[in-house]
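>>> what follows is a predicted structure for the sequence shown.
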Amino acid sequence: MSVGKFALLLAALPLLAACSDKPQQGDANANAPATARPAAPASPASAHQAGTDQDGSRMDNHSQNAAAIAPPKPSQVLEAIYQKDSHGQDAMAIANGSEAKYWYGYAFELQGKHYYTGFAYDTPDKFGKQDEETTPAPDAKVTLTQATFELAKDAAAPGWSLLESERFIGEFGSFEKADAIDDQVKAQGAATADGRLLLAVPTWYLASGSRIKSFSLFVYRPTPSDDPDDTSWTYLGNIPRGEDNGAACDADGSGNHVPCVTGAGTLSFVPADKGLPELRVALAGTGIDDAGQKKTYGAADAATYRFNPQSKVYEAAK
């Protein structure tokens, strides 16, 4: 699909959204822009839907438009990234046996502008009968991609216009699948002191029968970098936030001696004068200690993570 055709498609978004009967993954976040503030969690979108901000003040018309106008559909996100007709679907074949899939959508406000980013991913290339004869390996990741849209300020013709798209912002997942979105937990965003947005998306993946909960981390740079290798959106790895091993524990006395645990973590952003903030995860519930025994989480189990400029991911503070 050409950029010109895509622009016409976006102009009709309000009508298209009214006809859609398919829920989007992450809609609870997508339909409600969040306001990012320096080194603090972004304002929950629910505060915007009634026309007031969290402090009770009236919102400007631009913010109300952002909350009221439906975001681009998954199919439109894919078309913006891959320049190919998705036929209204949230997944499509692209090239060399690879498949592209919509993953998550997030609306936010940064430096007075309203944005919506749709994340997608594509699977590794395969040739011939490779896809039929080869079982995906545990370390087979997928490639993350994105399309970012900006809300027009023209009150007479409000709508989302494509700002940019990127075919590579990092790799994650396993077995040629992306980490799954945890729909029970809201994503959190925070503006940094240098004008970027740090986004933590609640995700999970399976390991040895246990659901490992995590936050997948991304940073958005609204202005171009001096480094040509930098991308506007960049994946910064993930950090753990508990686990649920109900499918693998010894709940019925079967003898595998794995205690049943259910833990969850709450994320907070620690202010930083420059660069990316520290992340603190406070754990609640139960987990397994180093001796393999069940434990109840307390204040001492909170963990801090810092961004490592060399590895370009968040790592546990030592």
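Cool, the structure landed.
>>> Tyr121 and Ala95: what is the separation?
Using CB to CB, to the nearest Å, Tyr121 is found at 15 Å from Ala95. Yep, even glycine has a C-beta here, placed from its N, CA and C like the rest.
>>> looking at those two, which is more packed in?
Tyr121 (25 against 11; other CB atoms under 10 Å).
>>> with adjacent residues omitted, what lies nearest to the more buried one?
Take Tyr121 and drop its neighbours on the chain: the residue closest to it by CB to CB, 6 or more residues apart in numbering is Val142, 4.2 Å away.
>>> ok, now Ala100?
Closest to Ala100 by CB to CB, 6+ apart is Asp122, at 4.4 Å.
>>> quick check: bridge partners of that neighbour?
Following DSSP bridges, Asp122 is listed with bridge partners Ala100, Thr143.
>>> for it, which residues are in contact?
Residues in contact with Asp122 (CB atoms under 8 Å, 6 or more residues apart in numbering) are 94, 98-101, 142-143, 145.
>>> same thing but 6 Å
98, 100, 143 (CB atoms under 6 Å, 6 or more residues apart in numbering).
>>> need the pLDDT of it.
On the pLDDT scale, Asp122 is placed at 97.
>>> ok, and the closest non-adjacent residue to Gly285?
Gly263 (4.0 Å).
>>> wouldn't the one you found be in contact with Ala282 here?
No - Gly263 is not in contact with Ala282 according to CB atoms under 6 Å; the separation is 11.0 Å.
>>> more neighbours: which of those two?
Gly263 (21 against 16).
>>> my reading is that that one lies in a helix. Confirm?
No - Gly263 is assigned strand when assessed by DSSP: H, G, I helix; E, B strand; the rest coil, not a helix.
>>> need the contact list for it.
242-243, 283, 285-287, 297.
>>> I figured Gln188 hits Ala200, correct?
Yes - counting by CB under 6 Å, Gln188 touches Ala200, with 4.8 Å between them.
>>> who's more crowded, the two?
Legend: neighbour count by other CB under 10 Å for Gln188 and Ala200, higher for Ala200 (26 against 23).
>>> can you tell me the element that one falls in?
Per DSSP states H and E, Ala200 falls inside strand 197-207.
>>> what ranges in the stretch 1-150 of the chain fall below the confidence cut-off?
For the stretch 1-150 of the chain, the stretches with pLDDT under 70 are 1-67, 128-133.
>>> can you do 50?
1-35, 37-58 (pLDDT under 50).
>>> and the residue positioned nearest the centre of the chain, how close does it get to Phe119?
Against the mean C-alpha coordinate of the chain, by CA atoms, centre = their mean, the closest residue is Val201 at 4.2 Å. Separation of Val201 from Phe119 (CB to CB) stands at 8 Å.
>>> so Lys213 bridges to which residues?
Trp204.
>>> surely it meets Trp204?
Yes - here Lys213 reaches Trp204: they are 5.0 Å apart, a contact under CB under 6 Å.
>>> from the chain's centroid, how far away is the helix or strand Ser161 falls within?
In the assignment (DSSP H and E), Ser161 maps to strand 160-172. Mean-position distance between strand 160-172 and its chain equals 12 Å (CA atoms, centre = their mean, to the nearest Å).
>>> between it and strand 197-207, how big is the angle?
50 degrees (axes from the mean of the first three to the mean of the last three CA atoms, to 10 degrees).
>>> what mean pLDDT does the helix or strand that comes right after strand 160-172 have?
Following strand 160-172 in sequence order, the next helix or strand is strand 180-181 (DSSP H and E). What strand 180-181 shows for mean pLDDT is 98.
>>> same check, this time on stretch 274-293
Here stretch 274-293 scores 94 as its mean pLDDT.
>>> straight-line length of that stretch, end to end?
This stretch, stretch 274-293, spans 40 Å end to end (CA to CA, to the nearest Å).
>>> how about that stretch: buried residues?
Using 16 or more other CB atoms under 10 Å as the test for burial, stretch 274-293 gives 276-283, 286-288.
>>> ok, stretch 210-229 next?
For stretch 210-229, by 16+ other CB under 10 Å, it's 210-221.
>>> can you tell me which of those are in strands?
Per DSSP state E, strands hold the following members of the buried residues of stretch 210-229: 210-220.
>>> would you map the strands across the stretch 1-150 of the chain?
34-37, 40-43, 91-93, 99-110, 113-122, 142-151 (DSSP state E, counting those that start in this stretch).
>>> got a markdown table for the ones you listed, with distance to Leu267 too?
Output for the strands of the stretch 1-150 of the chain, formatted as a markdown table (distance: least, CB to CB, whole Å):
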| stretch | distance to Leu267 |
| --- | --- |
| strand 34-37 | 14 |
| strand 40-43 | 8 |
| strand 91-93 | 29 |
| strand 99-110 | 15 |
| strand 113-122 | 19 |
| strand 142-151 | 20 |
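>>> which one of those strands lies nearest to Gln310?
strand 142-151 (20.7 Å; CB to CB).
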